[in-house]
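> Requesting a structural model of the entry that follows:
(2 chains)
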Amino acid sequence: MSEDRLELRGVTKAFPGVLANDHVSFAVRPGAIHALLGENGAGKSTLVKMIYGVLHPDEGEIRFDGKPVTIPNPKAARAMGIGMVFQHFSLFEALSVLENIALGLDERLSPADLERRIREVLARYGLTLDPHRTVATLSVGERQRIEIVRALLLDPKLLIMDEPTSVLTPQEVTQLFETLRALAASGCSILYISHKLHEIKALCDKATILRGGKVVGDCVPAEESSRSMAEMMIGGSLRDIKKAAGRTLGAPKFVVEGLSLEGTGDFDVALKGIGFSVGAGEILGIAGVAGNGQNELVLALSGETPGEAAAVRLDGTPIGALRIGERRRLGLAAVPEERNGHAAVPGFSLADNAVLTARGRKGLVNRGVIAAGKAAGYAEEVIRAFAVKATGPAATAGSLSGGNLQKFIMGREVLQVPEILIVSQPTWGVDAGAAAAIHQALVDLAARGSAIVVVSQDLDELFALSDSLAVINEGRLSPKRPIADFSLEEIGLLMGGVHGEADQGAHVAAAPVVEASHAH
Amino acid sequence: MDAMWFSVAMTIVAASTPLLLAALGELVVEKAGVLNLGLEGMMLVGAVTGFAVTFATGAALVGIVAAMLAAVAASMIFAFLTLTLASNQVATGLALTIFGVGISSMIGEGFVGKTIPVLGPVFPEALAGHPFLRLLFGHSPLVYVSLVMTAVVAWFLTRSRAGLILRAVGENDASAHSIGYSVIGVRYAAVAFGGAMAGLAGCFYSMVQTPMWAEELTAGRGWIALALVVFSAWKPWRLLLGAYLFGTVMTLELQAKAAGVGIFAPEFLAALPYLATILVLALISSRRSVGAAAPACLGRPFKPAT
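Predicted coordinates for the structure are as follows:
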């Protein structure tokens, strides 16, 4: 009987005012894939930061390979064989992939040796990544690959993965899982943090569920349903997305035709003849692998990069040449992918952030002067309606957790009741409870007659939300079709750039993912 | 006629070298994410110290080392305030310049009008005094130092691991910290290097160009050096080009005045390099690519989370 690879005994960590971890105990076997489940704020991040040496426990014991250890810093953790892939990447945008990996290694290797070893790891796990590209030019998915390669180069005994699949295509997820299974088979333990319960069911041997900093249960994911795990996680019963039955889609409200844009920088993907229409009350999902023109499309639709007037039309009015502010006044709202710094200013209060996009439609500015009381009132309304965990309208956006900030941003737009809402990655890095609330808000908004475009890499999300779907690949958008006409396999092929063969179209949407999506 | 052009070329080199030295130091400082606007002040501290110590000891080398150490000391005041106490870098840098102007005037008071021997060419007279070859061999040792340092800085930043870490710190301090590099330590070292280079640049004015002390000897060249760093898009070789471009403009202005080319008022010509600085800064900052070239954390104080 071998020792546990990692064992936590009564680990406790308190921050001023919060008990982040309260006597947490669990153990991970060698070669096991162990899930750590919990909502945002349940204490998962604090816990893994202690295992990785970023934080230090106030109380309790961490044992590694049977011996009690203290882990003073991440370097010591890496020296022990603990690797970690963070949810928020610690990458340097202006540096190359190779330089980024070199910075994260404690070993000194010549660039040539390092490149050879990187290529070995890439080949062994069937990953593709160009070591000489500048990180700024890479998609989110590719950036994550850098972090994974960086961790794998150390031949870790324990690999901590924080929300690794949020940005991957189904094929990439499958590939990642193969990588992780191969790694586990070679004896490496994996501590896997995710909100995607069907993935945990598919991948993990065991799961520990955290709520409010405490362990509330252990389970074998294969023996549980996604729903039962989700309910353990949130400590209550889960709401389904309620779609109004038998609603009819209205006439085309938002029409995009022949939208082409040259990529301006080295980093941009050119958009080639994008065309689609969204009816009143319709939710159009746009699927695609990161870096295929989604960002450019969202910028072109929101007005950050205006183009030809006739390419984008709202209720027949050409708006393609208008800037964001003018489009907002006409009722087109957009939520970009990046929460901090794009959708919200981290250093501003929630009230000030509300003013930034809602000033026109909510009258928060009076002759050039901010109506502070009204702004705070609107922020308060958003906080209440979307159950945002924040101290109040005066809290800075940066002090909110990712999920809560996303709820606030979505709420800020949805409560303005826009005619058209463009959202990118609405639930990236957001826990199941918050994701369900955001999804419900989108569905409700559509039911009121707004047209919604959801750009996402999360296919579960698209299957759960969308009425129709189109796939973007290298700046081209496939024709949209009702969601029920797509099979998972076909979407995967479209995402990879293989365009609609007749025989693939015959598959019916009975893919397993559709069922799993009810977990949300 | 030929001889005159050679002497113009020699003057251009002399005008460009201190710009290059100071800007190279600042380039490394900015690559580490610190904006030290105290360049002018550190140069003046170096200039007066180099002059005073050479005057007292009669040894130019001792003067140079003292100048560098004094400017490093001045830069460490800046580093302590901005890095350890996380004060505003722009305000602190401006204060450092004012401090440098003041203290150099005070120390230099007794030296006004005094002279020291010029720190002359290093090569034998046959080469250094040759009418043509002096263009290669007739310069002060600091000129060769500035050229070697350009190559060293370029190599350091792009090829060495320490340079990679420095760039990483300037690019994303939080990530560098989380990987386990000492952001503050790297920045202290960079600021000290910037100070040493500013000291060298300063004593070039007081020991090579005009071996005589006068108040505010550097005459705002520190600001030109600052603009050069931006102009070069933080690239050492482009910095070399820029420094010589500005050196040429400044020299031609003097030559035009001497030759009595009276198309413009002499005041206008004297203002030309500074106007060019403003113009270059304005033009360049309006271009998107410059924003991308700047180290992402430039000027942002870093406070490590617990």
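> what about residue B:191, neighbour count?
26 (other Cβ atoms under 10 Å in any protein chain shown). C-beta: built from backbone N, CA, C; applies to glycine.
> Let's see the pLDDT reported for the closest residue to it other than its chain neighbours.
In this structure, residue B:191 finds its nearest non-sequential neighbour in residue B:79, 4.3 Å apart by Cβ to Cβ, 6 or more residues apart in numbering or on different chains. The model reports residue B:79 with a pLDDT of 97.
> Hmm, residue B:79 is touching residue B:189, no?
No: in this structure, residue B:79 is not within contact of residue B:189 by Cβ atoms under 8 Å, at 9.4 Å.
> got the contact list for the residue nearest to residue B:191?
By Cβ atoms under 8 Å, 6 or more residues apart in numbering or on different chains, the residues touching residue B:79 are B:187, B:188, B:191, B:192.
> Now the stretch 51-200 of chain B against chain A: closest residue?
Here the residue of the stretch 51-200 of chain B nearest chain A is residue B:175; by Cβ to the nearest Cβ that distance is 3.6 Å.
> Go ahead and confirm that residue touches residue A:94.
No: contact between residue B:175 and residue A:94 fails when scored by Cβ under 8 Å: they sit 11.8 Å apart.
> so what's in contact with residue B:79 and residue B:189 at the same time?
With Cβ under 8 Å, 6+ apart, residue B:79 and residue B:189 have no common neighbours.
> got a winner among the contacts of residue B:79 for most neighbours?
residue B:191 (26 neighbours).
> That one contacts residue B:75, correct?
Yes: between residue B:191 and residue B:75 there is a contact at 5.1 Å, judged by Cβ under 8 Å.
> Now do the shared contacts for these two.
Joint contacts of residue B:191 and residue B:75 (Cβ under 8 Å, 6+ apart) are residue B:36.
> The closest residue in space to residue A:38 that isn't next to it in sequence - how many residues pack around it?
Nearest non-adjacent residue to residue A:38, counting by Cβ to Cβ, 6+ apart: residue A:210, 3.6 Å away. Other residues near residue A:210 come to 26 when the count uses other Cβ under 10 Å.
> gap between the residue nearest to residue B:191 and residue B:85?
10 Å (Cβ to Cβ, to the nearest Å).
> Same question for residue A:392.
In terms of Cβ to Cβ, residue A:392 sits 31 Å off from residue B:85.
> do residue B:178 as well
In this view, residue B:178 and residue B:85 are 23 Å apart by Cβ to Cβ.
> Name the residue in these two with the higher neighbour count.
Between residue B:178 and residue B:85, counted using other Cβ under 10 Å, the more crowded position is residue B:178 (19 against 10).
> Hmm, that one is touching residue A:88, no?
No: with contact defined as Cβ under 8 Å, residue B:178 does not count as touching residue A:88 (9.7 Å).
> So which of residue B:175 and residue A:94 has more stuff around it?
The residue with more neighbours, out of residue B:175 and residue A:94, is residue B:175; 23 against 19, by other Cβ under 10 Å.
> Wait, a helix at the more buried one?
Yes: under DSSP: H, G, I helix; E, B strand; the rest coil, residue B:175 falls within a helix.
> Give me the pLDDT value at it.
For residue B:175, pLDDT reads 86.
> Quick check: closest non-adjacent residue to it.
In space, and not counting its chain neighbours, residue B:175 is closest to residue A:90: 3.6 Å by Cβ to Cβ, 6+ apart.
> Buried residues in stretch A:375-390, which are they?
For stretch A:375-390, the buried set under the neighbour-count rule, 16 or more other Cβ atoms under 10 Å in any protein chain shown, comprises A:375, A:376, A:377, A:378, A:379, A:380, A:381, A:382, A:383, A:386, A:388, A:390.
> Hmm, I typed the wrong one, I wanted stretch B:195-211.
B:195-209, B:211.
> Restricted to helices, list those residues.
If you go by DSSP state H, the buried residues of stretch B:195-211 have B:195, B:196, B:197, B:198, B:199, B:200, B:201, B:202, B:203, B:204 in helices.
> Need the residue closest to the centroid of the chain.
Just going to use chain A. Chain A has residue A:428 as the residue nearest its centroid, 1.9 Å off, counting by Cα atoms, centre = their mean.
> hang on, isn't that one packed against residue A:455?
No: contact between residue A:428 and residue A:455 fails when scored by Cβ under 8 Å: they sit 10.9 Å apart.
> Report the set of residues contacting both of those two.
residue A:337.
> The residue in the stretch 401-520 of chain A positioned nearest to chain B and residue A:86, how far apart?
Proximity of the stretch 401-520 of chain A to chain B (Cβ to the nearest Cβ) peaks at residue A:401, 15.4 Å away. Separation of residue A:401 from residue A:86 (Cβ to Cβ): 15 Å.
> Between the two, which is the more surrounded one?
Taking neighbours as other Cβ under 10 Å, residue A:401 and residue A:86 compare with residue A:86 leading, 22 against 19.
> State the phi and psi torsions of the closest residue to chain B within chain A.
Using Cβ to the nearest Cβ, the single residue of chain A nearest to chain B is residue A:90, 3.6 Å away. Main-chain dihedrals, residue A:90, degrees, to the nearest 10: phi -100, psi 70.
> And what about the residue lying closest to residue A:138 once chain neighbours are set aside, helix, strand or coil?
Computed as Cβ to Cβ, 6+ apart, the closest residue to residue A:138 that is not its neighbour in sequence is residue A:291, at 7.1 Å. With three-state DSSP as the basis, residue A:291 sits in coil.
> Could you do the one 10 residues further on as well?
Following three-state DSSP, residue A:301 is assigned to helix.
> Tell me, how many residues neighbour the residue lying closest to it once chain neighbours are set aside?
The shortest distance from residue A:301 to any non-neighbouring residue, by Cβ to Cβ, 6+ apart, is to residue A:422 (4.8 Å). Using other Cβ under 10 Å, residue A:422 has 28 neighbouring residues.
> Same check on the one 5 residues further on?
Residue A:427 has 28 neighbouring residues, counting by other Cβ under 10 Å.
> Now do the contacts for it.
Going by Cβ under 8 Å, 6+ apart, residue A:427 touches A:406, A:434, A:435, A:438, A:439, A:456, A:458, A:461.
> That one sits in which helix or strand?
In this structure, residue A:427 sits in neither a helix nor a strand according to DSSP states H and E.
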